[in-house]
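> what would the 3D arrangement of this be:
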Amino acid sequence: MSERCGWCGDDPIYVAYHDDEWGVPEYDSRALWEKLILDGFQAGLSWITILKKRAAFREAFEGFDPNVIATWGEAEVARLLSNPGIVRHRGKIEATIGNARAWQKIEQQQGFDRFLWDYVGGRPVQNSWTALAEVPAFTPLSTQISKDLKKAGFRFCGPTIVYAAMQAMGLVNDHLVTCPAHARVAALAR
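This is a model prediction of the structure:
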């Protein structure tokens, strides 16, 4: 019998995220950046916390438009630190502004989408995990991407954060093979 990946439990928000978003290949540069930023905000917290605050994050961060966020300074940091709808962490907020500037450089040079998708040859890695215990927290590839992002000026993008983002972005299909989403997500690969 097919069962969803056990990590999503039965919370409707988590189930919808698992079924409709997690692992689905994303090719839009801005959307890829948003996923990386949200995974950075999740560090030290549960993912459900971020999902429940995602609408507030999108509103507070102008739809995660890196071209807007790259222009921000201390006034916007102060505004965000007073917003109870988001995770109010100065370091993560300031990193998001710097990461928007780093995104702009990569986007101009080659496209942030291409920058990320080139690591997997443009096609999602199709893993075949049978148990949650097999799914790694990070990999040599997420470690390399993390190093390259840091070299490009990104912060809050360690190997574990990057691997979680890779899963969310669909660069890797980490749905368990017993999960109905595994085959559905695999079929979406370009």
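
> the helix ranked longest in the chain: how far from the chain's middle?
Longest helix in the chain, counting residues (DSSP state H): helix 90-109. Here helix 90-109 is found 14 Å from its chain centre; the criterion is CA atoms, centre = their mean, to the nearest Å.

> tell me which residues are up against the following helix or strand past it.
Next helix or strand after helix 90-109 toward the C-terminus (DSSP states H and E): helix 112-117. With CB atoms under 8 Å, 6 or more residues apart in numbering as the test, helix 112-117 has contacts from 27-29, 32-33, 103, 106, 145, 169, 171. Using the backbone N, CA and C atoms, a C-beta is placed for each residue, glycine as well.

> biggest separation within the residues you listed, which pair?
28 and 145 (17.9 Å; CB to CB).

> higher neighbour count, these two?
residue 145 (25 against 10; other CB atoms under 10 Å).

> so where does the more buried one fall, helix or strand?
Counting by DSSP H and E, residue 145 is found in helix 140-151.

> per-residue confidence at the closest residue to residue 68 other than its chain neighbours?
In space, and not counting its chain neighbours, residue 68 is closest to residue 62: 4.6 Å by CB to CB, 6 or more residues apart in numbering. Note on residue 62: pLDDT of 97.

> mind checking how far residue 62 is from residue 98?
The gap separating residue 62 from residue 98 is 16 Å, by CB to CB, to the nearest Å.

> before we move on, what about residue 190?
Separation of residue 190 from residue 98 (CB to CB) stands at 31 Å.

> for these two, work out which one has more neighbours and name it.
Of the pair residue 190 and residue 98, residue 98 is the one with more neighbours under other CB under 10 Å, namely 15 against 8.

> show me the contacts for that one.
By CB under 8 Å, 6+ apart, the contact list for residue 98 reads 153-155.

> could I get the full set of helices for the chain?
So, for the chain - with DSSP H - the helices run 12-20, 29-42, 47-60, 66-69, 74-81, 90-109, 112-117, 140-151, 159-169, 180-186.

> report the buried residues of the longest one.
Of the residues in helix 90-109, 92-97, 99-104, 106-107 count as buried by neighbour count, 16 or more other CB atoms under 10 Å.

> also stretch 170-177?
Applying a neighbour-count criterion of 16+ other CB under 10 Å, one finds 170-176 buried in stretch 170-177.

> which of the contacts of residue 98 lies closest to residue 126?
residue 154 (26.7 Å).
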